[in-house]
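Participant: No sequence on hand, only this structure:
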């Protein structure tokens with residue numbers, strides 16, 4: 001009973017989050033100097049900032065941009081990393097060694113520093129940030145998928161499939177992948193949370209940023225001057241970053257790990 005309630009709470013948050021983000025994609029974020037630091041009201045649910053912009057609208061638009069980054073970075077790193085990792089773990093030959101060496105080279109380079117350089121040159125937007133964070137996150141998924149594939153390859157059901165003459169691609173796709181996907185999804189949740197924090201850090205630093213486009217990290221940078229006089233301007237984007245990061249972790253947890261988390 002408790003497990004079902006917890007699942008419903010998590011799924012409701014995801015549904016609520018998606019509704020807000022799609023609703024808030026094109027909300028008004030224009031400057032209104034006549035309404036600087038307006039209090040909470042029907043017109044300004046979370047008040048307005050130092051330029052008279054609706055803080056609620058800024059949070060939603062910033063959240064939509066953040067989820068775009070998570071989608072691009074996660075799709076790239078997860079898709080490519082899992083594919084290369086399973087291939088390398090199954091073949092275990094010269095080609096797999098070459099692939100692993102190239103990916104390990106990417107892992108040596110600090111992801112955040114590379115993303116900072118790339119976005120400062122081409123500008124910070126969800127596409128460039130997602131590509132840079134995703135490309136340098138491939139190694140994490142590859143090593144994980146490779147280790148899991150090597151483990152599964154030794155099991156009897158894979159050996160039986162080989163004796164029956166099942167092609168390698170079918171063994172990987174139909175037999176091995178379903179048995180390792182749950183563990184890979186846990187890694188996906190942890191990494192997605194890290195992508196949110198890295199993107200917030202990139203926009204907070206602001207090299208190559210477009211200040212007309214709201215992002216949670218950029219809001220923290222702009223509102224840091226009002227930490228004492230208007231603390232909610234800093235608190236609200238901080239809570240959004242923490243909430244989405246935790247939600248993604250809980251969403252992709254296995255039932256066993258979710259149960260252990262809820263014990264505390």
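Facilitator: In hand now; what should we look at? No experiment lies behind these values; they were computed from the predicted model shown.
Participant: Point out where the stretch 151-264 of the chain drops to low pLDDT.
Facilitator: Applying pLDDT under 70 to the stretch 151-264 of the chain flags residues 207-210, 252-264.
Participant: try it again with 80
Facilitator: Along the stretch 151-264 of the chain, segments meeting pLDDT under 80 span 158-159, 161-163, 165-166, 168-169, 206-213, 249-264.
Participant: so where do the helices sit in it?
Facilitator: For the stretch 151-264 of the chain, applying DSSP state H, counting those that start in this stretch gives helices covering 156-163, 168-170, 177-205, 216-223, 232-252, 255-263.
Participant: what's the spacing between the longest one and its chain's center?
Facilitator: In terms of C-alpha atoms, centre = their mean, to the nearest Å, the centre of helix 177-205 is found 5 Å from the chain centre.
Participant: on contacts alone, who are the packing partners of it?
Facilitator: Packing partners of helix 177-205 (3 or more C-beta pairs under 8 Å, 6 or more residues apart in numbering; DSSP states H and E): helix 55-91, helix 111-122, helix 126-135, helix 138-153, helix 216-223, helix 232-252. For glycine as for every other residue, the C-beta is placed from the backbone atoms N, C-alpha and C.
Participant: again, only this time at 10 Å
Facilitator: Helix 177-205 sits against helix 55-91, helix 111-122, helix 126-135, helix 138-153, helix 216-223, helix 232-252, helix 255-263, with contacts defined as 3 or more C-beta pairs under 10 Å, 6 or more residues apart in numbering; DSSP states H and E.
Participant: can you check the fifth one too?
Facilitator: Counting by 3+ C-beta pairs under 10 Å, 6+ apart, the packing neighbours recorded for helix 232-252 are helix 2-23, helix 55-91, helix 177-205, helix 216-223, helix 255-263.
Participant: Would you mind giving those as TSV with mean neighbour count and distance to residue 135 added?
Facilitator: What follows is the helices and strands packed on helix 232-252, written out as TSV (neighbours: other C-beta atoms under 10 Å; distance: least, C-beta to C-beta, whole Å):
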stretch	mean neighbour count	distance to residue 135
helix 2-23	12	25
helix 55-91	21	6
helix 177-205	19	12
helix 216-223	22	20
helix 255-263	12	28
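Participant: I'd like those written out as TSV, with distance to residue 109 added.
Facilitator: Shown next, in TSV, are those (distance: least, C-beta to C-beta, whole Å):
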stretch	distance to residue 109
helix 2-23	32
helix 55-91	14
helix 177-205	14
helix 216-223	22
helix 255-263	30
